[in-house]
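Chemist: Give the three-dimensional model of this entry:
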Amino acid sequence: MKLDRPLALAVEGRLYPSVILHGGSEAARFAAAIAFARVLLCERPPTERPCGECRHCRRITLPELPEGEGTSFHPDFFWLLRDLKTSVSAEATREMLRSAQVSPYEARGQVFVIAEAASLSSEASDALLKAIEEPWERSPRNFFLLAPSRLDLSPTLRSRSLAIYLGAAAAMPAELLAAVAAGFRDSVERFMAGGGALWLLDAAARLDPVGKRTKAEIGAAKKRGASGEEPEALGFEDPRDQRPWLFAAAAVRRAAIGAPGSGAVPPPDPALRRRMLALAEDLLTASPLRLRGIPPDRILEGLVSKHLAG
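Modeler: Model prediction:
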């Protein structure tokens, strides 16, 4: 769905109280939430919203990065970011929703953005649902739930919200994918040639092209991705992020079957190709293991050994 019509509904004051912004990149979802907030809180007449210049438009900004904490400068515009390792807690959600019980400070309404709605705990989801369902009496309240997929949210939240699809996520970086696939296959072939188990560990390590980063490096990558300067690195730091697993699976699949027009050919051993493809399939469903607190390098090493060491 394009944003023109939903933004027009916001200008007219007829937008759903709860909107799910899903698909696209994290930066795209953030940008869409800001666009809606500026339309809803801009002080200009409807035909001029958003002006981008008034005191409301200028203060509606991204949350503080890189540490993932902080608030916008506008007292009626709220961000809810994940406060726990794998979820948004009920406590943090209720703390934000207390602001929905009072009148706006400056604007004609309030806007609440749940930046990682897919990570809402069940209690947090229930608290948010209750706030969405409460009718407002004096001033409008709008909630924006940001998620890679609307299916990541509870069925009840989905049924109470307008879902706006922002398009497919950015394509995987082709050059990086090709390099990871080639490095992975080289390590596997060295192991198969009798090079020892260390080559299996090397093959697993190659599936994480980012490796371990400091908090400052992680924060800098997030900030660059949110500002659109460059794509975020496909690291495994975020336990709920499925993209690195998709990337690893795509790299293994490419190593197994080659790539059209690239000159790469499949391994000559059909049994090895089948084992690689089985590994790729397991990588697609490996993210729940990460949610259990298992380090990603251990998951990668375990799956690679499971399929290729026998």
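
Chemist: Only C-alpha atoms from now on, for both contacts and neighbour counts.
Modeler: Fine.

Chemist: Could I get the full set of helices for the stretch 1-150 of the chain?
Modeler: 4-12, 26-41, 55-59, 90-97, 122-133 (DSSP state H, counting those that start in this stretch).

Chemist: Single out the most deeply packed of the ones you listed.
Modeler: Comparing the helices of the stretch 1-150 of the chain by mean neighbour count (mean count of other CA atoms under 10 Å), helix 26-41 comes out on top with a mean of 23.

Chemist: is it true that residue 141 touches residue 99?
Modeler: No. Here residue 141 does not reach residue 99: they are 10.3 Å apart, not a contact under CA atoms under 8 Å.

Chemist: Quick check on these two: which one has the bigger neighbour count.
Modeler: Set side by side, residue 141 and residue 99 show more neighbours around residue 141, with 24 against 17, by other CA atoms under 10 Å.

Chemist: Next, the contact list for that one, please.
Modeler: Contact analysis of residue 141 by CA atoms under 8 Å, 6 or more residues apart in numbering lists 17, 100, 109-112.

Chemist: So which of the residues you listed sit within strands?
Modeler: 110-112 (DSSP state E).

Chemist: could you point out which element follows the helix or strand bottoming out on mean pLDDT in the chain?
Modeler: Every helix and strand of the chain was ranked by mean pLDDT, DSSP states H and E. The lowest is helix 215-227, at a mean of 56. For helix 215-227, the following helix or strand on the C-terminal side (DSSP states H and E) is helix 243-257.

Chemist: roughly how far out does that next one sit from the chain middle?
Modeler: 19 Å (CA atoms, centre = their mean, to the nearest Å).

Chemist: Go through the longest strand along the chain and flag the buried ones.
Modeler: Among the elements of the chain assigned as strand by DSSP E, the one spanning the most residues is strand 141-147. Within strand 141-147, the residues scored as buried using 16 or more other CA atoms under 10 Å are 141-147.

Chemist: where does the protein have low pLDDT?
Modeler: Applying pLDDT under 70 to the chain flags the ranges 1, 64-72, 168-172, 212-234, 240, 259-264.
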